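Asks: need coordinates for the below:
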Amino acid sequence: MAYKTVNLRPATYERLKMYQTRGRSLSEVVEGLMDTVEPEHLFARDLEIARKRLEEMKTKDIGMTLEELDKKLARERARVDSATSRKQSETRARTRPGRAQVRRPRTSPRVEGT
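Replies: Numbers count the residues shown, from 1 in each chain. Just a heads-up that it's a prediction; the model follows:
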């Protein structure tokens with residue numbers, strides 16, 4: 001059987017050992033503790049906390065709603081995308097069509113001075 005190493009703070013390890021009764025291994029103890037709470041319950045609790053914080057932000061005028069944030073990000077993306085496409089169009093307009101741009105290789109000052 002393959003084992004994994006889990007890093008615990010010393011205080012957490014001592015607490016975990018208190019649950020170790022009747023010769024059970026620490027793996028059995030952890031499995032028993034995980035069986036008492038479903039992961040969905042933990043996720044739902046975290047989601048509820050996030051929703052409460054968001055409501056507090058809205059009522060205290062501290063922040064913005066998720067919808068407002070999505071709209072702001074979409075506007076910012078559109079602005080950046082249009083600026084990028086404008087630059088690309090300007091660059092294409094400045095270069096002569098059908099002719100490849102040849103760049104001279106850079107030389108270091110040391111090479112030029114010798």
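Asks: going by C-alpha atoms from here, please, whenever you check contacts or count neighbours.
Replies: OK.
Asks: need the contact list for Phe43.
Replies: Contacts for Phe43 (Cα atoms under 8 Å, 6 or more residues apart in numbering) come out as none.
Asks: can you read off the pLDDT for it?
Replies: On pLDDT, Phe43 comes in at 89.
Asks: before we move on, what about Ser82?
Replies: We have a pLDDT of 82 for Ser82.
Asks: hey, C-alpha coordinates of the helix or strand where Arg51 lies in CSV?
Replies: Per DSSP states H and E, Arg51 falls inside helix 39-59. The C-alpha trace of helix 39-59 is given here as CSV (Å, rounded to 0.1, in the frame of the first residue of the first chain):
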residue,chain,number,x,y,z
PRO,A,39,-17.6,18.2,0.9
GLU,A,40,-20.7,19.9,-0.6
HIS,A,41,-21.6,21.1,2.9
LEU,A,42,-18.2,22.8,3.2
PHE,A,43,-18.4,24.3,-0.2
ALA,A,44,-22.0,25.6,0.5
ARG,A,45,-20.7,27.2,3.7
ASP,A,46,-17.8,29.0,1.9
LEU,A,47,-20.2,30.1,-0.8
GLU,A,48,-22.6,31.6,1.7
ILE,A,49,-19.8,33.5,3.4
ALA,A,50,-18.7,34.9,0.0
ARG,A,51,-22.3,36.0,-0.7
LYS,A,52,-22.6,37.7,2.6
ARG,A,53,-19.4,39.6,2.0
LEU,A,54,-20.6,40.7,-1.4
GLU,A,55,-23.9,41.9,0.1
GLU,A,56,-22.0,43.8,2.7
MET,A,57,-19.9,45.4,0.0
LYS,A,58,-23.0,46.5,-1.9
THR,A,59,-24.8,47.9,1.1
